[in-house]
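Trainee: got a sequence here, can you model it:
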Amino acid sequence: MKIGVLQADSVMERLRLTHGDYPDMIEGVLSHAASELGENVTFCTYDVVAGHYPDQLDSCNGYVITGSRQSVYDPDEWIKTLRGYVVDLHDLKIPIIGICFGHQLIADELGGTTEAAAGGWGVGSHLYDIVDSHWCIEPEVKQYRVLVSHKDQVMQLPDGARLLASSDFCPNAMFSIDDHILALQGHPEFSRGYSEDLMYMRREIVGERVYQQGVESLQHDLQSLEIAKWIVRFLKRKPV
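Mentor: Numbering: from 1, shown residues only. Model (predicted):
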């Protein structure tokens with residue numbers, strides 16, 4: 001299975017040497033998940049900020065849209081182009097995974113709404129409740145914890161979207177559309193070390209209280225690999 005990574009940002013240079021770039025993180029966790037599931041995956045990265053896209057929409061079996069420091073409602077041309085690409089993939093029902101910014105952009109472009117959250121920044125690890133079953137998620141899973149870093153949220157889901165996970169802080173944390181779109185607010189590709197370093201870099205922006213709570217939350221167990229398995233199953237269209 002060939003996965004296209006639509007790279008919507010790069011890790012800050014001072015953190016990249018230690019933690020790698022976003023495609024490295026995504027390839028790492030999805031390769032691990034695929035190996036445990038007995039699946040073979042390859043990756044091709046496209047820098048969509050620079051306007052790089054596959055030659056054909058079906059060049060890959062599915063696509064992952066990464067996170068970004070920018071907001072989906074920013075007026076940048078590359079964001080407008082990516083929005084159009086999402087519509088094209090959606091029309092052909094080619095599988096798309098949206099992570100954080102990708103999650104928000106898919107929702108916003110397909111008829112939902114993404115805005116800056118009244119609750120401010122979410123950082124560290126957050127716990128979400130599974131509110132509806134899905135064929136890529138084990139039926140016994142009722143909650144999951146994953147690393148996050150976001151100030152925007154999906155406020156309204158698109159028509160036809162099915163809410164899969166929620167929390168008080170982030171009500172629309174994960175959704176699906178038919179069998180070709182799966183979008184989630186969390187970052188299963190992040191490591192604890194990267195999350196902690198990123199929080200430190202944004203300490204003044206997020207505020208001391210949120211920063212301290214975020215650091216404390218890193219002590220909890222994470223379900224990052226389990227979430228990555230959901231993603232691999234979804235892209236492979238292979239139920240549990």
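Trainee: nearest the geometric middle of the protein, what residue?
Mentor: I99 (1.1 Å; Cα atoms, centre = their mean).
Trainee: how near is that one to A116?
Mentor: As for I99, its distance to A116 is 19 Å (criterion: Cβ to Cβ, to the nearest Å). C-beta: built from backbone N, CA, C; applies to glycine.
Trainee: V240 is in contact with H134, isn't it?
Mentor: No - shown here, V240 and H134 do not form a contact pair, counting by Cβ atoms under 8 Å, at 9.0 Å.
Trainee: which one's more surrounded, these two?
Mentor: Counted by other Cβ atoms under 10 Å, V240 and H134 do not tie: H134 has more neighbours, with 22 against 14.
Trainee: list phi and psi for that one.
Mentor: Backbone geometry at H134, expressed as degrees, to the nearest 10, gives phi -150, psi 150.
Trainee: and the closest residue to it other than its chain neighbours, helix, strand or coil?
Mentor: Leaving aside its chain neighbours, H134 sits nearest to L164 (5.6 Å; criterion: Cβ to Cβ, 6 or more residues apart in numbering). Under DSSP: H, G, I helix; E, B strand; the rest coil, the three-state class of L164 is strand.
Trainee: W230 and A161: what is the separation?
Mentor: Distance, W230 to A161, using Cβ to Cβ: 17 Å.
Trainee: of the two, who's got more company?
Mentor: Counted by other Cβ under 10 Å, W230 and A161 do not tie: W230 has more neighbours, with 25 against 21.
Trainee: and the host helix or strand of K80, what's buried?
Mentor: If you go by DSSP states H and E, K80 is part of helix 77-92. Within helix 77-92, the residues scored as buried using 16 or more other Cβ atoms under 10 Å are 78-79, 82, 85-86, 89-90.
Trainee: helix or strand right after it?
Mentor: strand 96-99.
Trainee: hey, what's the nearest residue to M155 once chain neighbours are set aside bridged with?
Mentor: Spatial nearest neighbour of M155, excluding adjacent residues (Cβ to Cβ, 6+ apart): T113 at 4.6 Å. Under DSSP bridges, the beta-bridge partners of T113 are Q156.
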